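In: What shape does this take:
(chains A, B, C and D)
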There are 2 protein chains.
Amino acid sequence: MARDENRERRRRQIAEAVWRLAAREGLEAVTLRQVADEAEVSMRLVQYYFGNRTTLLVSALEMLNADAEAVAQERVGALGDLSPPELVRAVLMELLPLDEDRRRRYVVHSAYFVRFLTDPQLQQVARNADPALESLLESLLDADPSTRSDDPRADAELLIAFAFGLQAQMLLDQLDGPHALRLLDRTLDRLLPESR
Amino acid sequence: MARDENRERRRRQIAEAVWRLAAREGLEAVTLRQVADEAEVSMRLVQYYFGNRTTLLVSALEMLNADAEAVAQERVGALGDLSPPELVRAVLMELLPLDEDRRRRYVVHSAYFVRFLTDPQLQQVARNADPALESLLESLLDADPSTRSDDPRADAELLIAFAFGLQAQMLLDQLDGPHALRLLDRTLDRLLPESR
DNA sequence: CCGATTTTGATGCGATCGCACCATAACACG
DNA sequence: CGTGTTATGGTGCGATCGCATCAAAATCGG
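Out: Below you'll find the model as predicted:
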């Protein structure tokens, strides 16, 4: 039904306004009125589609995560057949803000971060995003015959933590894309010495 | 003069209230009235010591950083004479929320994070904190004869990014202290193979 | 010990917040 | 064709925000 598509487009239009505001000035700038202005709709419309501010924040985050996963799968898939080490690299690269799209997304994530720590509802949303990534990496490290890892799970966790660290440094402009990739490859070379 | 000591104690008392509020509910909860309540002083007093909200936020962050550096130097120094590799480990451990003090501090940092990206004033404060750490690590990696690093600077950057990643995962309760230390030691073993 | 300065308190103002209520198009469907 | 659901707009209310003003207590220097 075209009705639902319109509905979904509207919600997305408003959610994108939330993302822009959160990235630009933090969650406290995400007020019903500012979101309405940014999305160029009436405040009443924001209320209609999301009810109250809390569910607006939660929904916008859920949509951002769903978006991220779809884009990531498509981008990694578009690379064609990759060897496990190449896949590991591609997956980790997905966590780096290497284009404006991802940068904005991870800035938004960092705006939510503190809330993740205390708000049970948001904590739930945050937890749903990660473990799939970790087990994917673990299985890749386990499957790769050239890996000498005695503990694929530890190495998966380690690589994810490292990638998140690179992400933060890039957001702070203390690391640019090529530099971060150099550091990533440097640790991958140490981790998977025979396959690269 | 005792006057100045009192003054400094007052400022600290108020800044600590800012930290608690920011850690508990984010920067948007840091209002003049809430800070006053949390610090158990009048709102006017907060105004008196910090003027307006902006300088309150900036000053509280500066005090937090100064505090962190003092504590870190003392704690690392208290370990006595360490070999370079041991020092590297000690410095990196300082970045992990291994006690309540550090946890709260890094939660506060994450509350400020988004602002670091856009607010020039806060960006300045954030930038002042890091580079010393990096060059310290670099010189340690360079000085250590057992290090086979061909690029101490790259390895220093790499280790810092990794530590920040571990920090984030710990804050999210996706990694506990011992687990994070295991991952840290795992990468240090790979990085400094002969000295550990 | 007294005038000056520092420190603390109470209160008011304009702006903005989330949210609710009411009204009216637009469309769906029996 | 009429009726009920969906979609959009305008507006008012109580609470809270940052900040300023007025005022008094506490402390210090001569």
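In: Report whether stretch A:24-36 contacts chain B.
Out: Yes: using C-beta under 8 Å from any C-beta of the partner chain, stretch A:24-36 reaches chain B at A:24-28. The C-beta positions use only the backbone N, C-alpha and C, and glycine is treated the same way.
In: Turn those into a markdown table, including secondary structure.
Out: Rendered in a markdown table, the data for the residues of stretch A:24-36 next to chain B read as follows (DSSP: H, G, I helix; E, B strand; the rest coil):
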| residue | secondary structure |
| --- | --- |
| A:Arg24 | helix |
| A:Glu25 | helix |
| A:Gly26 | coil |
| A:Leu27 | helix |
| A:Glu28 | helix |
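In: Tell me the most packed of those residues, by neighbour count.
Out: A:Gly26 (26 neighbours; other C-beta atoms under 10 Å in any protein chain shown).
In: Number of residues surrounding A:Arg57?
Out: That one is not Arg; residue A:57 is Leu. If we define neighbours as other C-beta under 10 Å, then A:Leu57 has 22 of them.
In: Please apply the same query to the one 4 residues further on.
Out: Using other C-beta under 10 Å, the number of residues around A:Leu61 comes to 25.
In: same check, this time on the one 5 residues further on
Out: Using other C-beta under 10 Å as the criterion, A:Ala66 is surrounded by 11 other residues.
In: element containing it, please.
Out: helix A:53-77 (DSSP states H and E).
In: what's the answer for A:Thr187, then?
Out: helix A:177-191.
In: So which bits of that helix are buried?
Out: Across helix A:177-191, burial judged by 16 or more other C-beta atoms under 10 Å in any protein chain shown covers A:180-181, A:183-184, A:186-188, A:191.
In: residue ranges for the strands of chain A, please.
Out: In chain A, no strands are defined using DSSP state E.
In: Could you pull up the residues touching the closest residue to A:Phe50 other than its chain neighbours?
Out: Of all residues not flanking A:Phe50 in the chain, A:Leu56 sits nearest, at 4.0 Å (C-beta to C-beta, 6 or more residues apart in numbering or on different chains). Residues in contact with A:Leu56, defined by C-beta atoms under 8 Å, 6 or more residues apart in numbering or on different chains, are A:14, A:18, A:30, A:32, A:35, A:46, A:50.
In: which among the residues you listed end up buried?
Out: A:14, A:18, A:30, A:35, A:46, A:50.
In: which residues touch the fifth one?
Out: When contacts are counted by C-beta under 8 Å, 6+ apart, A:Val46 touches A:14, A:32, A:35-36, A:39, A:56.
In: Tell me how far it lies from A:Val35.
Out: Counting by C-beta to C-beta, to the nearest Å, the separation of A:Val46 from A:Val35 is 5 Å.
In: contacting residues for A:Thr54?
Out: Taking C-beta under 8 Å, 6+ apart, one finds A:Gln121 in contact with A:Thr54.
In: The nearest residue to A:Ile14 once chain neighbours are set aside: neighbour count?
Out: Of all residues not flanking A:Ile14 in the chain, A:Ala39 sits nearest, at 4.8 Å (C-beta to C-beta, 6+ apart). As a burial measure, A:Ala39 scores 21 neighbours (other C-beta under 10 Å).
In: low-scoring stretches of chain A, by residue?
Out: Residues of chain A meeting the criterion pLDDT under 70: A:1-5, A:145-148, A:194-196.
In: Which positions in chain A make contact with DNA strand D?
Out: A:3, A:6-7, A:10, A:41-45, A:48 (C-beta under 7 Å from any atom of the strand).
In: returning to what we had before: including distance to B:Leu98, could the buried ones among the contacts of A:Leu56 go into TSV?
Out: Shown next, in TSV, are the buried ones among the contacts of A:Leu56 (distance: C-beta to C-beta, whole Å):
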residue	distance to B:Leu98
A:Ile14	41
A:Val18	35
A:Val30	33
A:Val35	39
A:Val46	43
A:Phe50	40
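In: Now, the residues you listed that are in helices?
Out: Counting by DSSP state H, the part of the buried ones among the contacts of A:Leu56 found in helices is A:14, A:18, A:35, A:46, A:50.
In: Assess the claim that the last one and A:Ile14 are in contact.
Out: Yep, that's A:Phe50 we're talking about. Yes: contact criterion C-beta atoms under 8 Å: A:Phe50 and A:Ile14 qualify, at 7.0 Å.
In: show me what contacts A:Glu28?
Out: Contacts of A:Glu28 (C-beta under 8 Å, 6+ apart): B:26-28.
In: of those, closest to chain A?
Out: When these are ranked by distance to chain A (C-beta to the nearest C-beta), B:Glu28 comes first, at 3.6 Å.
In: still on that earlier bit, which two of the buried residues of helix A:177-191 have the greatest separation?
Out: A:Ala180 and A:Leu191 (16.3 Å; C-beta to C-beta).
In: just to revisit the earlier point, chain B: which of the residues of chain A next to DNA strand D is nearest?
Out: Checking these one by one against chain B (C-beta to the nearest C-beta), the nearest turns out to be A:Met43, at 19.3 Å.
In: now the closest one, nearest residue through space, not along the chain?
Out: A:Ala36 (4.1 Å).
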